[in-house]
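*Asks:* What follows is a predicted structure for the sequence shown.
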Amino acid sequence: MLARSGGLRRQGVPRPRETRVLVVANQKGGVGKTTSTVNVAAGLAQLGQKVLVIDLDPQGNASTALGVEHHRGTPSTYDMLVDGQPLADVMTECADLPGLWAVPATIDLAGAEIELVSVVAREQRLARAIAAHPLVGTEDEVGDERFDYVFVDCPPSLGLLTLNALVAGREMFIPIQAEYYALEGLGMLLETVEMVRQHLNPGLTISTILLTMYDARTRLAAGVAEEVRGHFGDQVLKTAVPRSVRVSEAPSYGQTVMTYDPASAGALSYLEAAREIASKGAPA
Ligand SMILES: Nc1ncnc2c1ncn2[C@@H]1O[C@H](COP(=O)(O)OP(=O)(O)O)[C@@H](O)[C@H]1O
Ligand SMILES: [Mg+2]
């Protein structure tokens, strides 16, 4: 198994010509947004890509899983969004994974939802911060040091924080838990996306759907998968991530499952999902 994951890793994937910004959103909590963000991001870094994760959830779960400090006072997403600090000043490289960078979320971010209401261009703060980073952009403009991927891990709501992400990203990445109520509530997310497309970010595209916590033994999971594929077609990744104890244990060691247990079924699935995202490329 180890040999297999090592083998997969060495194959690598092509770099995108321009930084791809993916917004990981679904206003339902507990569907696997954070888990998918950190593990796909880590998988891409293992495949040789330069990746940044922005933790946009005041809970700071992505920061925990990536092993980056996020106690009060740490330079964080809050400082970037509310105080206008440059992205370069709030990001750090993750110790375990070269090529993977993170902007942590501290509890201060809980107040941002309210504080941003009175700020100029309140929906554009994240978009501007990302665009202003000197290593975000095209191969021609930025060169080889550019970031290949930026992932934004959203909170489980459709407030100003998530809105900032939807304005900042070109692509939406929606994790869907393979369970009975999977599609319930997605209507509201899709309406929000449509609204953002019309008024704030015409290029926003749902590029990636990932089925999470998939239990291949049950007919229910297969039924949900069929329904999701019927609705979203090619946007749904072929890889589904199985429910796996190793995946849920990893964060308590400040790690992604990609370093915690790279040979586990969960890690191999996330690596495969990362590979699919990279090989499909950015939407036209
Ligand atoms: N494939 C998986 N196998 C087992 N547990 C998982 C898996 N994916 C996520 N979980 C667990 O489910 C819970 C919710 O996942 P999380 O990524 O935090 O969701 P969200 O960010 O959407 O709220 C967490 O406790 C996480 O460890
Ligand atoms: Mg989360």
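*Replies:* Yep, that arrived. Numbers count the residues shown, from 1 in each chain. Ligands and ions are numbered 1, 2, ... in the order given.
*Asks:* quick one: contacts for Leu44?
*Replies:* Val13, Val51, Asp148, Tyr149, Ala274, Ile277, Ala278 (CB atoms under 8 Å, 6 or more residues apart in numbering). Yep, even glycine has a C-beta here, placed from its N, CA and C like the rest.
*Asks:* Kindly recompute the last result at 10 Å.
*Replies:* 13, 20, 50-51, 99-100, 148-149, 151, 258, 270-271, 273-275, 277-278 (CB atoms under 10 Å, 6 or more residues apart in numbering).
*Asks:* For ligand 1, give me its nearest residue in the stretch 151-284 of the chain.
*Replies:* As assessed by CB to the nearest ligand atom, ligand 1 sits closest to Ser248 within the stretch 151-284 of the chain, at 3.5 Å.
*Asks:* Quick check: which element contains that residue?
*Replies:* Remark: Ser248 resides in helix 245-249, with elements defined by DSSP states H and E.
*Asks:* From Asp79, how far off is Ile209?
*Replies:* 32 Å (CB to CB, to the nearest Å).
*Asks:* out of the two, which sits in the busier spot?
*Replies:* Ile209 (21 against 18; other CB atoms under 10 Å).
*Asks:* Can you give me the pLDDT of the nearest residue to the more buried one once chain neighbours are set aside?
*Replies:* Nearest non-adjacent residue to Ile209, counting by CB to CB, 6 or more residues apart in numbering: Val236, 4.4 Å away. As predicted, Val236 sits at a pLDDT of 97.
*Asks:* Let me know whether Val236 touches Thr208 as I believe.
*Replies:* Yes - contact criterion CB atoms under 10 Å: Val236 and Thr208 qualify, at 8.3 Å.
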